[in-house]
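> Quick one: sequence plus predicted model below, questions after.
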Amino acid sequence: MVEKFVTVLNRAGIHARPSALLVQTTKNFKSNVYIEKGSDRINAKSIMGIITLGAAYGAELKIIAEGEDETYAVNTLVRLFESKFEEE
């Protein structure tokens, strides 16, 4: 299992477009991928799960992956967060 913390850097937070981008990206991984906000853990391959997290600007999230490509999965998602989902 690989875990990394990320901060939501894009001003609009995680709305529909970043959620869709996260789901499209995670569906390419064989690993199970989760995102945690506080005590809530959602499947990162579920767009509704991501949207219901309500991750606003500045929110701290934990990305967790378990499986054969777990390190690659986490690092790829961290880069998405760091690029502000290519919105800014």
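Structure received.
> Could you pull out the strands in this protein for me?
2-7, 32-37, 40-43, 60-66 (DSSP state E).
> who's in contact with the residue lying closest to Asn32 once chain neighbours are set aside?
Counting by CB to CB, 6 or more residues apart in numbering, Asn32 lies nearest to Glu66, which is 4.9 Å off, once chain neighbours are set aside. All C-beta atoms are positioned from the backbone trio N, CA, C, and that covers glycine. When contacts are counted by CB atoms under 8 Å, 6 or more residues apart in numbering, Glu66 is found next to Met1, Val2, Ser31, Asn32.
> Likewise for Ala44?
By CB under 8 Å, 6+ apart, the neighbours of Ala44 are Leu22, Val23, Thr26, Val33, Tyr34, Ile35, Ile50, Ile63, Leu77.
> Now those in TSV, please, with extra columns for neighbour count and pLDDT.
Formatted as TSV, the contacts of Ala44 follow (neighbours: other CB atoms under 10 Å; pLDDT from 0 to 100):
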residue	neighbour count	pLDDT
Leu22	24	95
Val23	19	96
Thr26	24	96
Val33	27	98
Tyr34	20	98
Ile35	23	98
Ile50	26	95
Ile63	24	98
Leu77	23	97
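> circling back to that earlier point, any idea which of the contacts of Glu66 has the most stuff around it?
Ser31 (20 neighbours; other CB atoms under 10 Å).
> Tell me the spacing between the spatially closest residue to that one that is not a sequence neighbour and Asn75.
In space, and not counting its chain neighbours, Ser31 is closest to Gly67: 2.8 Å by CB to CB, 6+ apart. As for Gly67, its distance to Asn75 is 14 Å (criterion: CB to CB, to the nearest Å).
> same thing with His15?
With CB to CB as the criterion, His15 and Asn75 are 24 Å apart.
> likewise Leu22?
14 Å.
> and if you look at Glu82?
Distance from Glu82 to Asn75, by CB to CB: 10 Å.
> Same question for Pro18.
From Pro18 to Asn75 the distance is 18 Å (CB to CB).
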